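>>> Compute the structure for the input listed below.
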Amino acid sequence: FGTGHHFTTQLCISIYLDLIKKGCVFKNILDVGCGTGILSIVASKVSKARTTSLDNDKIAVETAKFNLIKNKVTHKSKVFRSEGLKNFHLIKLSKFDLIFANILFKPLKTLVKSLHKFLKKDGLVILSGISVQQSIKIEAIYLGHNLKKVYFINEENWMTLVMKKI
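Residues are numbered from 1 along each chain as shown. Got it, this is the predicted structure:
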């Protein structure tokens, strides 16, 4: 996993780069379910943002740490093991202006309140790892938590949504 070749990862990267080209500036980025850390690496290389990566899998966390070192972005990147967004380091890091959540339907559904809590007003969350059909349900759930869809893109049966905290 985490090679960057899957549609969901490619869609996240594509959207992120498009946002940067449009003039968006992100200072504090969270990558939930970071896997190998590829989204954090791209974000760190493209912008001056501080990135925080979380995963509940010990091997993923160690792999992400290794990859951040290998890509020379550790000076502005941190990786933590966390079940959901329950890591105490998050509170110290303030709110995030961008959150990547390239995970599965069930965790996206479960994490909506936590993602909302850690997202700045007008901040963006990129939701990926879901099918087109699942995206309809996820969008409705997130709308119910004061997040509105501002952009979406799909490839084959995979959907990536960009939601903005209002």
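
>>> just the helices in this protein please.
Secondary structure of the chain (DSSP state H): helices at 7-21, 38-46, 58-70, 89-92, 105-110, 112-118, 132-143.

>>> Look up the residues forming beta bridges with the closest residue to K78 other than its chain neighbours.
Nearest residue to K78, sequence neighbours excluded (CB to CB, 6 or more residues apart in numbering): T52, at 5.1 Å. All C-beta atoms are positioned from the backbone trio N, CA, C, and that covers glycine. Beta-bridge partners recorded for T52 (DSSP bridges): L30, K78.

>>> In this structure, where is pLDDT below threshold?
Within the chain, the stretches with pLDDT under 70 are 1-6.

>>> Just list the residues touching the most centrally placed residue in it, thanks.
The residue lying closest to the centre of the chain (CA atoms, centre = their mean) is F100, at 0.8 Å. Counting by CB atoms under 8 Å, 6 or more residues apart in numbering, F100 makes contact with 12, 16, 29-32, 34, 39-40, 43, 125-126, 128.

>>> Check these against E83 and report the nearest one.
The nearest member of the contacts of F100 to E83, counting by CB to CB, is V32 at 11.3 Å.

>>> can you pull the contacts of the closest one?
54, 85, 99-101, 103, 111, 115.
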